[in-house]
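Chemist: Coordinates for the following, if possible.
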Amino acid sequence: MENHNDTNEKSKIDILNRKLYEKKSRFNQHERGKLHEQRIHITEDFSNEEFEILKKKQSKYKLPSSLFKRIFIGTVIVFLFALIIAFLTLYKGNKQVSNELISMDLLGQPFVDAGEPLTLLVRIQNFNEKPLQIPDIIITYPIDNNSGEQKSTRRSLPDIPKGGRVEEEFKIPLIGQEGEQRKITANLEYHIPGSSSIFTKETSEDVIIRSTPTHIMIDAPEKVINGQDVTFSINLKSNTTETLRNILLRVELPSDFEYISANKNPSFGQELWRIPKLDTENNFTLRIKAKVHSFPGESRAIRVYVGKQNAQIPNEIATTYNQLTHNFEVERPFLDTKILIDGKRQSIIPVKSGTDVSVEINYKNTLDIALNDVKLNLFLNGNLYDRKSIHALNAEYNSLNSYIVWSKGSYERFKELKPGEEGSIQFTFNTKKFISSNIEKNPRLYIWVSETATGENGKEYRINQSDSTELRGISKLSISTFSHYREGPFKNYGPYPPKANKKTNYTLTFQIRNHPNDLKNVTLSAILPSYVKPTQKVFPSTEAKHITYIASTGELKWEIPNIPAETGVKGKPAKELSIQIEATPSLSHIGEILKLAKDIKVEAHDTFSNTDVVYHANDITSHVRDKNTLGGLVKE
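Modeler: From the prediction side, this is the model:
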């Protein structure tokens, strides 16, 4: 029935729709029906049947159980409680101590001279409501700029109360090159009431090193000659009131300069010298001799570095204090000169005390033109020679300034030297007597020559140092030998004067005086005749371990590791040894002075002149050196 009505209703709508689009369609007005109220009844409750259906579906949409409700509510409560506690804790902590309420300043000069102590003032003020407990200040600064190693100084302070202020002064040494910057850091470590944790506050300042702790001076010629020796000096001075220790001096020569010698032996290789101590009263002077193998027209340079020795790597500089460079110009000599000492041409020549020394200078014009008005100056610098003993031929000697001049006024040949012309000039002098003159340690004499001349069109030629040499004094030993019978450290027995076929004890004494160089590997030897035997008594007893005796040869040896300069001179005691021997003369010795030790000599190595030396002494006899004791002749 319902389907039929729906179909009927649709047909009416379709008919009406077609009519709307037809041109000939006409619509007549129909009478409208009246509206009426239709009441619909809605029940206020489910029917029993519907309620049962909903109830069965309740488990699918039910709310959480009571257990889950409790867990959820408990979690919310715990979260809120933790949030409140955290807020209260932070609020309370901020109320106690805040780093922002601690004022910390590091005050000091922005510049400092290297080696001088830098004065720093650390100022701390506490603006918190609570005190700063067990505070410490730590000052940290770099030892040098190369290794990055830091050094720290810690100081404990009393508690800083609320509103309290403290000031602490520190003095720290800074070293380095001029213009280098050092960062100084101050750290405050402290505790707060009720906490064992350590809190920190930090501040820092930069300091610039204004000057170096050392001053370097290089005394060297500006021009050098290929194939010639050049000598230059390096003088090192302290530029600070603080004593500098364990300093290294590095001298870098050009690769084509050959190192020959120096007045002080290098500590490492041929370019490093260790200076244990340097202060304002003790300068360090180094003289180096080298041979030039550079081509004329080239430029060369020596570089000098001074700094603190690396504690872990002794042959390296940890902190460089200062450096300096000196430039040379290599040129061809217009006048080739060679210095010969007693006919020998060497860079270093050892000479003995109190001897005559002959010096010869050979010269040659190396140019293709004549040289006019030639002037040759020879300079003497050192304490080895006797100034009064200088004797120069065809020259003028200036004893005040220690130089000799050969010029056309005194030497006719220097008016004009033709191309390739050569010749020689001479002078002599005496070395000092080292022990009697109390000469200074390590005597030496530097000799060098300089020349000037005039060439074509008045061109001037000049060489400041064309050749040089160094003389070093050989240490002088003085050996005293004698015997005692009644005097000395031992009590001697037997007849004196001695009698044939009777034993008599003697004390043999050896005294060594040495000046002016250090000696090492020293050996005193003597031969004891067959009728002489040692008794094993030695004074001082500490020398007994250094004494050997070979009975088959009668050789007695005293080994001495070293004997320093000035031993036995300038009021210092001599090196001395006494031994006891027993001698039994035979009938053939009657009427003679008995020899107790013969062929006495001292052999050693001179560390300064680098020479082995041998000195001989007189035989020791039965003619003793006792007061009021005469004789020594063997009796029957």
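
Chemist: Okay, buried residues for stretch 545-552 please.
Modeler: I547 (16 or more other C-beta atoms under 10 Å). All C-beta spots, glycine's among them, are computed from the backbone N, C-alpha and C.

Chemist: oh, I was asking about stretch 244-259
Modeler: Those would be L244, I247, L248, L249, R250, V251, L253, P254, F257, for stretch 244-259 by 16+ other C-beta under 10 Å.

Chemist: Any chance of a markdown table for the residues you listed, columns pLDDT?
Modeler: Listed next are those as a markdown table, based on pLDDT from 0 to 100:
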| residue | pLDDT |
| --- | --- |
| L244 | 86 |
| I247 | 91 |
| L248 | 94 |
| L249 | 94 |
| R250 | 94 |
| V251 | 95 |
| L253 | 93 |
| P254 | 91 |
| F257 | 92 |
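
Chemist: can I get those residues in TSV with secondary structure?
Modeler: Output for the buried residues of stretch 244-259, formatted as TSV (DSSP: H, G, I helix; E, B strand; the rest coil):
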residue	secondary structure
L244	strand
I247	strand
L248	strand
L249	strand
R250	strand
V251	strand
L253	coil
P254	coil
F257	strand
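
Chemist: Run through the stretch 1-150 of the chain and note the low-pLDDT ranges.
Modeler: 1-12, 15-16, 18-69, 86-96, 114-115, 143-148 (pLDDT under 70).

Chemist: If you could redo that for the stretch 451-600 of the chain, that was the one I meant.
Modeler: For the stretch 451-600 of the chain, no range has pLDDT under 70.

Chemist: Of the buried residues of stretch 244-259, which is the nearest to E149?
Modeler: E149 lies nearest to L248 out of the buried residues of stretch 244-259, by C-beta to C-beta, at 16.9 Å.

Chemist: in terms of contact, does that closest one touch A311 like I think?
Modeler: No: using C-beta atoms under 8 Å as the test, L248 is too far from A311 to be in contact (11.5 Å).

Chemist: I'd like to know how far A318 sits from Y305.
Modeler: Per C-beta to C-beta, to the nearest Å, A318 is found 12 Å from Y305.

Chemist: and if you look at I390?
Modeler: For I390, the distance to Y305 - C-beta to C-beta - is 40 Å.

Chemist: Same check on I102?
Modeler: Distance from I102 to Y305, counting by C-beta to C-beta: 45 Å.

Chemist: What of K491?
Modeler: 63 Å.

Chemist: more crowded one of the two?
Modeler: Y305 (19 against 10; other C-beta atoms under 10 Å).

Chemist: Return the residues in contact with that one.
Modeler: Neighbouring residues of Y305 by C-beta atoms under 8 Å, 6 or more residues apart in numbering: L249, R250, E252, I317, T320, N322, Q323.

Chemist: name the helices or strands packed onto the helix or strand that contains L380?
Modeler: In this assignment (DSSP states H and E), L380 forms part of strand 371-382. Strand 371-382 sits against strand 335-341, strand 356-365, strand 403-406, strand 416-417, strand 444-454, with contacts defined as 3 or more C-beta pairs under 8 Å, 6 or more residues apart in numbering; DSSP states H and E.

Chemist: mind checking how far that strand is from the chain centre?
Modeler: Centroid separation between strand 371-382 and its chain, computed with C-alpha atoms, centre = their mean, to the nearest Å, is 40 Å.

Chemist: Other residues contacting the following helix or strand past it?
Modeler: Proceeding N to C from strand 371-382, the next assigned helix or strand is strand 391-392, under DSSP H and E. Under the contact criterion C-beta under 8 Å, 6+ apart, strand 391-392 has outside partners I404, Q426, F427, T428, F429.

Chemist: okay, now Y531: neighbour count?
Modeler: There are 16 residues near Y531, going by other C-beta under 10 Å.

Chemist: so it makes contact with S586?
Modeler: Yes: here Y531 reaches S586: they are 6.7 Å apart, a contact under C-beta under 8 Å.

Chemist: which residues does T507 form a beta bridge with?
Modeler: H484, Q580 (DSSP bridges).

Chemist: got the contact list for it?
Modeler: Applying C-beta under 8 Å, 6+ apart to T507 gives the contacts S483, H484, Y485, E487, G488, P489, F490, N492, S578, I579, Q580.

Chemist: The same query, at a cut-off of 6 Å, please.
Modeler: H484, G488, F490, S578, Q580 (C-beta atoms under 6 Å, 6 or more residues apart in numbering).

Chemist: ditto for K570
Modeler: K570 neighbours (C-beta under 6 Å, 6+ apart): N438.

Chemist: cool, and L253?
Modeler: Listed by C-beta under 6 Å, 6+ apart, the contact partners of L253 are A290, I302.

Chemist: Give me the spatial nearest neighbour of P564, chain neighbours excluded.
Modeler: Nearest non-adjacent residue to P564, counting by C-beta to C-beta, 6 or more residues apart in numbering: D518, 5.2 Å away.

Chemist: Confirm for me that that neighbour is in contact with D606.
Modeler: No: between D518 and D606 there is no contact under C-beta atoms under 6 Å: 7.9 Å.

Chemist: TSV please, covering the contacts of strand 391-392 and showing secondary structure, pLDDT and neighbour count.
Modeler: Formatted as TSV, the contacts of strand 391-392 follow (DSSP: H, G, I helix; E, B strand; the rest coil; pLDDT from 0 to 100; neighbours: other C-beta atoms under 10 Å):
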residue	secondary structure	pLDDT	neighbour count
I404	strand	97	23
Q426	strand	96	14
F427	strand	96	20
T428	strand	97	15
F429	strand	97	23
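
Chemist: okay, now S358: neighbour count?
Modeler: 12.

Chemist: Test of understanding: give the bridge partners of it.
Modeler: T428.

Chemist: Against F379, how distant is it?
Modeler: 18 Å.

Chemist: Quick check, central residue of this protein?
Modeler: With distances taken as C-alpha atoms, centre = their mean, Q309 lies nearest the centre of the chain, 2.2 Å away.

Chemist: Give me the three-state assignment for the residue nearest to G269 when sequence neighbours are not counted.
Modeler: Distances taken as C-beta to C-beta, 6+ apart place N315 nearest to G269, at 7.4 Å, with adjacent residues excluded. Three-state assignment for N315 (three-state DSSP): coil.
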